[in-house]
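**Student:** sequence first, predicted coordinates after that:
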Amino acid sequence: ATACGGTTKSDVKKESGAAASAGKADPNAPTKKGLTVGFLPKQVNNPYFTTADKGGQKAVEALGSTFKEVGPTSATDTSGQVSYVNTLTQQQVDAIAVSAQDPGALCTALKQAMKNGVKVVTYDSDTKPDCRNVFVSQAGAEDLGRTQVQLLAEQIGYKGEIAILSAAQTATNQNLWIDYMKDELKDPKYKDVKLVKVAYGNDDAQQSFQQTQGLLQEYPKLAGIVSPTTVGIKAAAQYLSGSKYRGKVKLSGLGTPNDLRSYVKNGTVEAFELWDPAKLGELAGHASVALASGQITGKEGQTFEAGELGTYTIGKDGVVDLGKPTVFDKDNIDDFDF
Amino acid sequence: MTVTTTEPAPVAPIPASSSTRLVDRVFKMRELAIFVLLLAMLALTQVGNSAFLSEQGIKDLLLNATILVLVATGQALVVITRNVDLSVGSTLGISAFAAGTYLQGGGHPVVAVVLAVLLGVGFGLLNGLLVSLGQVPALVVTLGTLYIIRGIDSIWVGSRQITAADLPDGFVDFGSGGISAVPWLALIALAVLVSTAYYLKHFGSGRELYALGSDPEAARLAGIPVRRRILLAYTFCGVLAGLAGALYLARFGNVDSGTGSGYELTVVSAVVVGGVVFTGGSGTVYGAALGALLLTSVNSVLPALGVSSVWVLAINGILLILAIAVDRVVALRVASALKKRNARHG
Amino acid sequence: MADSALARAVRWDTVVGALLIVVLLLSFGFVDGFGNALNLSFLIGNTLPIALIALPMTLLVVSGEIDLSVASTAGLSGAVMGALWNQGLPIETIIPVCLLLGVVCGLVNGLLVTRLGLPSLAVTIGTLAAYRGIAQIVLGSDAVTDFPSPYLDFAAGRIGDTFVPYALLPFLALLAVAVIALHATPFGRSLFATGANEEAARFAGVRVKRQKLILFTVTGLMASLTGVFWALHYASARFDNATGLELSVVAAVLLGGIDFDGGKGTLGGAIAGVFLLGALQNVMSLGDVSAQSQIVVTGVLLVLSVLGPRVVRQISVARAGRRAASAPTS
Amino acid sequence: MTHRSAKDPAPVLALRGISKSFGAVRALRDVSLDLFPGEVHALAGENGAGKSTLIKTLAGVHRPDSGQVLLDGEPVTFHGPADARDAGIAVIYQEPTLFPDLSIAENIFMGRQPRRALGRIDHRATRTATVALMHRLGVELDPDRPARGLSIADQQIVEIAKALSFDARVLIMDEPTAALTGSEVARLFGVVRALREQGAAVLFISHRLEEIFRICERVTTLRDGALIASEPLAGMTEEDLVRRMVGRDLDELYPKQHVEAGEVALSVRRLTREGVFTDVSFDVRCGEIVGMAGLVGAGRTEVARAVFGVDRWDAGEVEVAGRALVNGAPSTAMAAGLALVPEDRRAQGLVMGMSIERNIGLTGLRTTRRAGLMDRGAERSRSLDWAVRLQVKYARIADAVSTLSGGNQQKVVLAKWLATGPAVLIVDEPTRGIDVGTKAEVHRLLSALAADGVAVLMISSDLPEILGMADRVLVMHEGRLTAEIPRSDATEETVMAAATGRAAA
Ligand SMILES: Nc1ncnc2c1ncn2[C@@H]1O[C@H](COP(=O)(O)OP(=O)(O)OP(=O)(O)O)[C@@H](O)[C@H]1O
Ligand SMILES: Nc1ncnc2c1ncn2[C@@H]1O[C@H](COP(=O)(O)OP(=O)(O)OP(=O)(O)O)[C@@H](O)[C@H]1O
Ligand SMILES: [Mg+2]
Ligand SMILES: [Mg+2]
């Protein structure tokens, strides 16, 4: 590939594996107090992240350390997020918990941070594994992908055309889930279910709205929509509930109980699922403090205590799974408030 | 040393009324071009997808356009005066949220709309005062207020959001309801549009907006109260942005701190596509409304045709350029037709 | 009009420059973590994309035009870079191809504006969508990150432990070229004339169309250079790279006192505006000012940037008027 | 005809001790003026004497630094042009102030449209009134045509119509005739006389002295912002008036030197621009001044624009010193030694916000450079040199041209083009708005240039100027060249006959 003497893709070695710090982990090291943990969500003012970061705050403060949250106001302002990593490094926080807008863009800055002794945890959205110590995953991507299809298939009686309404085309986690959804559909029990289209609403209410309209016009026989994004499912629900399709076209995916409560009650949505973002943040908080206290370094097999959440074990590539998602329906939705 | 002593001979009266109609007709063609483009696009889509112009389909088209039509109407007024208001998206967002908060607290829908409009008036006045009293470039000032209002909105709203569940049912139903295929919201927008157009054409102060956009210095010399008119245009634009905010709430039932951000470019596009010239003094609100309809329809047409959303953005941009190019070609034709007709030799 | 001397005394671009220096000095003294070399290199590195585009944008705005498609051009060249890299082409080939692509993008804008006589604002809002859309078609949802490390290091690294990013040096060279082109060549002079009165410039023999075509092309080239830099600096080529950068550039250039009616402004002012905004954001972040409040500050600065000089001028005119009125008239 | 209602001594409008300064420039010093009903009052003075400033003070555009404006003997303060208008003062400003996007009818009635019920505009009545006004002025202009693209003369006519459209008690006209040819001027004067009969007070400014003597009863002279005299015109001669304005006697008005014509420098062959002019052919030789006459709109300006390359031509060719010019390329025309002083100084001649120095320098960007960079020293000395030679009246060479008086702006345009050292000089209305003294100066300059071998094509609507200066007169009528008249045969009658298409040459 270097025919003309240039540098090509094949010349660049694939690096992988979590950036386990040089030092050894001491699972029995005391939990340090008075640390500062900076949470850096994809976007401030985003209810999902606000809930998650509140969970983080609860954990961090319970452990006797200081919590702070900074972040850009736009979920696509990658350079803004990079500056915030830099800022946190300058402020010499002990750990950063970040939900990455982009798997690659934050790397240089995060590595710089780790070089300056800052521990890095990613949550919700990962970077490349060598740019952080630990990734706290909301649920196994596989679990999430497969269960969403299962949930919808049940509602449409394992029969008919379905479509996916995703967020941005570049959203890493969305794409991963969609891959698992497609894989799940290969199972013979879905032989009458046909995925006709993946549409992208860019996590914008209005665009998701119009994409839903487009789906219904293009596929008049559509039986159901999976929207693995909280903005998308809400917009789709709003459209369906105000149109003649209410109750006829099933809708499922990932959403928050508060967003979808009224649509569940008026019959637009039967059931949907989500992990508890507060718990996700809480776990990220615990992981951060554990890292900063030297109890873990991010190697596979290490374990740490996460308060009420119990004990967690670090998996391959430094990934910690929160657990299975919760399914919400008419019967249990009033038990949740987030 | 007299130049000439010939006293003037009477000149034949000008055969005028027929040419007026011609001019009128030719000028209307500028909007006509967009209209034809729009119809062609809708017809093609209908051929490709017979569900497109169903009752629900038409209703969706109209509903999608409503909010942009309203904001574009206000923007057109400002652009006609050779100014611009980039803060409309921010104003829309904050007034939608304000109306939502009020309704959430059990308020009356009508009062909520009034509240949104009043907020719009406030920000419109702010822009208008800054631009007209400060006599500073509107682009900079309103880019500034875009940021300021958005910032205040984000600080105030934080991560809160208002969802359909928080709103009275009647309000949300109003947002998607209507008489068969014609939604209530579209009727509101139409009423606003028609009365604005009538005002611009038939009232002195309306014409003065055109005059001062055409040449501000000449307007001053002609005794036009330039500042007051600019203030009026901005306030009106703010009113419509506020109203659009309330309707947005009704339509989408869902607002947060990001509502309406980035809207300014869409609005400006609609106005420009609609043939309202950025250097002021010409264009109509009907044009702006057509531009808005065209832009929002593109967003419905492509998904309806099953075009992958990957292509939507590129096609959108190319259509936009096409629309202005067509408009330009038509305008050039008009100009040369005028020139031929008015040529003084012949 | 009557107060050209006063206007010259309160030139906004010098005010912005002074403000930048004041902000820097105060931050060195009072803001923890600001003055160290690493932070400064971050600050400069993150501001460079805006500064790079601000160079040709200033010239364009002076000549009375604007290009809002710059961020999309940057995104497109980043996307093409990623796609070609995935194809296995050597990066040494890819970068020139991307730059060429930028030239083409600029040329398209320029031809639409000069040949068809369309308003540049409208044209470039159109190409803003079109170029971004093409980028999306080219790269789809991919995020390409594995560029060769010498390039990544050049784009993101700094010279030793100093505050100087490698990339600053080429930027300074480009800045010098732009300053000379705008302020010391006949070409630059004719840009000012065109911006202030295009008709009169044409009558004076300025080849207005050719000049604008050149400017749009150079803007496209610089935008694609920024796109390449962006992809390497952040080690990430995605179709939505640099989204919204055009507003930041416009805001910074406006803050620097470039008049959007054309014919006025200095490049020094524009670049001072760029770095003033960059520095303020850095300082505010270090001071834990929330992103929302930072937006407000940016907005207030913009408003002040136009209102400030105006108010100063009005006051001095009023004072001059009072002096003249009280002077005895013979 | 000289009717004066001197029996009514009360002035409608009067100025008392008005002073006005712009920064360091004292444009008016302690000036007083009385305007009587039924009288046409002339205001005379050199360029920059303060005439326009005085008018703008009367019109409420400028607030005087000191002094009073009296309306019917009562002191008034005009806060803006609207106040003056409401007091019955109609003003025609020196520079046309039209709205290019609006129709002629709307331009005329802006702010005062006839109304229907509920305050709605009566569009029909507006048109009818416009047609009537145009009729009164004897011109054919479509009321619905937008003002954009109107020639300077037509713009001036619309301005006049605007001022006439409300029956003003005071009509103020700042060089309304500068762009007009004889017949339009005659029309205008007919209208002014009618107004005077109706008892209106008229203030009239013109640099064409014969016009002042034709229509005015009384003249006020300003020099350097100060009042020199206010007196009846009866019994005065042009020389008296010039002496008051300039402060000295003036040399010969049209100082034409005789020069033997040399080689053909500019050769235009069968030039056509569709719908504008057709089949225009002529030569201009070195050392020759060729005048080009014609009625307003005859197409003279269009020919000049095409020759210079600002507009493209559809057929024909243009040669300068035997070399063919490229169609539509002013820069190559300049390189070949052609220069065009355009007709509209504000739109085409000057960059208003730029300094005098840089405006003059704009034509020298190709020459005042060193190693590809601007040579500012050379630019400054070139500009200073020409500004001084043309006696431009300015405070600092770095001041914006917008601060200059109209006539001085015109001189800057001339300077800008003369500085290129052209072989062929086309001047379009070169002395529009220039005072008598300077006009003679410009004529002397053109004459000297011709003597140096420059070929000059002079387009002018000022017939005496054409007759006084031209070696040959070309006449255009409706887009065609209808006559070429040698100096010896050129008289007002022969030229006007060809210009109105009454005689073929
Ligand atoms: N807005 C202004 N700012 C600064 N100086 C001005 C301004 N307007 C006029 N002047 C100056 O005031 C003086 C009088 O100008 P004015 O325009 O009244 O002359 P004028 O008599 O009308 O000349 P002309 O015959 O050339 O039109 C001139 O020196 C001019 O430069
Ligand atoms: N239909 C028209 N559309 C636009 N412009 C027109 C039209 N008819 C006439 N004109 C204007 O009228 C003028 C006609 O010719 P031109 O000005 O060349 O005549 P001229 O003899 O030089 O007259 P002037 O003495 O006014 O300069 C042009 O300036 C042209 O712009
Ligand atoms: Mg004057
Ligand atoms: Mg002419």
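**Tutor:** Here it is on my side, so go on. Ligands and ions are numbered 1, 2, ... in the order given.
**Student:** alpha carbons only for contacts and neighbour counts from here, please
**Tutor:** Fine.
**Student:** my guess is A:V289 meets A:T31, correct?
**Tutor:** Yes. A:V289 lies in contact with A:T31 (C-alpha atoms under 8 Å); the separation is 7.3 Å.
**Student:** ok, these two, which is more surrounded?
**Tutor:** Taking other C-alpha atoms under 10 Å in any protein chain shown, A:V289 and A:T31 do not tie; A:V289 has more neighbours (30 against 16).
**Student:** now the more buried one: which helix or strand?
**Tutor:** Here A:V289, judged by DSSP states H and E, is contained in helix A:277-292.
**Student:** quick one: strands adjacent to the very next helix or strand once past that helix?
**Tutor:** For helix A:277-292, the following helix or strand on the C-terminal side (DSSP H and E) is strand A:303-305. Strand A:303-305 sits in its sheet next to strand A:311-313 (antiparallel), going by DSSP bridges.
**Student:** how many neighbours does residue 291 have?
**Tutor:** This is for chain A. 25.
**Student:** not what I meant, chain D
**Tutor:** Considering only other C-alpha under 10 Å, D:G291 is surrounded by 29 other residues.
**Student:** so it sits in a helix?
**Tutor:** No. Assignment of D:G291 by DSSP: H, G, I helix; E, B strand; the rest coil gives strand, placing it outside any helix.
**Student:** thinking again about what came up before, quick check: neighbours shared by A:V289 and A:T31?
**Tutor:** Common contacts of A:V289 and A:T31 (C-alpha atoms under 8 Å, 6 or more residues apart in numbering or on different chains): A:L63.
**Student:** can you name every helix or strand that the helix holding A:V289 contacts?
**Tutor:** When contacts are defined as 3 or more C-alpha pairs under 8 Å, 6 or more residues apart in numbering or on different chains; DSSP states H and E, helix A:277-292 sits against strand A:36-40, helix A:47-62, strand A:95-98, strand A:119-123, strand A:134-137, strand A:303-305.
**Student:** what comes into contact with the third one?
**Tutor:** Contacts made with strand A:95-98 from outside it, assessed by C-alpha under 8 Å, 6+ apart, are listed as A:36-42, A:88, A:118-123, A:284-285, A:288-289, A:291-292.
**Student:** show me where the stretch 251-400 of chain D has its strands.
**Tutor:** For the stretch 251-400 of chain D, applying DSSP state E, counting those that start in this stretch gives strands covering D:264-273, D:277-285, D:289-294, D:315-320, D:323-324, D:338-341, D:369-370, D:373-374.
**Student:** as CSV, these with distance to D:L70 and mean pLDDT would be great.
**Tutor:** Shown next, in CSV, are the strands of the stretch 251-400 of chain D (distance: least, C-alpha to C-alpha, whole Å; pLDDT from 0 to 100):
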stretch, distance to D:L70, mean pLDDT
strand D:264-273, 54, 94
strand D:277-285, 51, 94
strand D:289-294, 43, 93
strand D:315-320, 58, 93
strand D:323-324, 62, 92
strand D:338-341, 42, 94
strand D:369-370, 56, 80
strand D:373-374, 53, 86
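**Student:** so which of these gets nearest chain C?
**Tutor:** Closest to chain C of the strands of the stretch 251-400 of chain D, according to C-alpha to the nearest C-alpha: strand D:373-374, at 4.4 Å.
**Student:** geometric centre of the chain: which residue is closest?
**Tutor:** Answering for chain A, as no chain was given. Most central in chain A under C-alpha atoms, centre = their mean is A:D124, positioned 3.2 Å from the mean C-alpha point.
**Student:** not what I meant, chain C
**Tutor:** C:A54 (1.6 Å).
**Student:** hang on, that residue packs against C:V249?
**Tutor:** Yes. Applying C-alpha under 8 Å, one finds C:A54 in contact with C:V249, separated by 5.9 Å.
**Student:** residues that sit against both of those two, list them.
**Tutor:** Listed as contacting both C:A54 and C:V249 by C-alpha under 8 Å, 6+ apart are C:V274.
**Student:** and the helix holding A:V289, what's its mean pLDDT?
**Tutor:** Average pLDDT, helix A:277-292: 92.
**Student:** chain center to it, what's the gap?
**Tutor:** With C-alpha atoms, centre = their mean, to the nearest Å as the basis, helix A:277-292 stands 14 Å off its chain's centre.
**Student:** and that helix with helix A:47-62, angle?
**Tutor:** Computed by axes from the mean of the first three to the mean of the last three C-alpha atoms, to 10 degrees, the angle separating helix A:277-292 from helix A:47-62 equals 40 degrees.
**Student:** if you compare the directions of helix A:277-292 and strand A:36-40, what angle comes out?
**Tutor:** Using the same axes, to 10 degrees: helix A:277-292 against strand A:36-40 is 140 degrees.
**Student:** mind listing what's buried in helix A:277-292?
**Tutor:** Neighbour-count burial for helix A:277-292 flags A:277-292 (criterion: 16 or more other C-alpha atoms under 10 Å in any protein chain shown).
**Student:** in contact with residue 167, which residues are there?
**Tutor:** All of this is about chain A. A:Q174, A:Y200, A:G201, A:N202, A:D203, A:P228, A:T229, A:V231, A:G232.
**Student:** you looked at the wrong chain, it should be chain B
**Tutor:** B:G100, B:L103, B:Q104, B:G253.
**Student:** could those go into a markdown table alongside distance to D:G361, pLDDT and neighbour count?
**Tutor:** Compiled in a markdown table, the contacts of B:L167 are given as follows (distance: C-alpha to C-alpha, whole Å; pLDDT from 0 to 100; neighbours: other C-alpha atoms under 10 Å in any protein chain shown):
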| residue | distance to D:G361 | pLDDT | neighbour count |
| --- | --- | --- | --- |
| B:G100 | 61 | 94 | 31 |
| B:L103 | 66 | 93 | 21 |
| B:Q104 | 67 | 89 | 17 |
| B:G253 | 62 | 83 | 26 |
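**Student:** relative to ligand 1, which of those is nearest.
**Tutor:** B:G100 (52.1 Å; C-alpha to the nearest ligand atom).
**Student:** right, and the closest one touches B:L249 too?
**Tutor:** Yes. With contact defined as C-alpha under 8 Å, B:G100 counts as touching B:L249 (6.9 Å).
**Student:** so what sits against both of these two?
**Tutor:** With C-alpha under 8 Å, 6+ apart, B:G100 and B:L249 have common neighbours B:V255.
**Student:** part of a strand, is A:V198?
**Tutor:** Yes. According to three-state DSSP, A:V198 belongs to a strand.
**Student:** fine, thanks again, bye for now.
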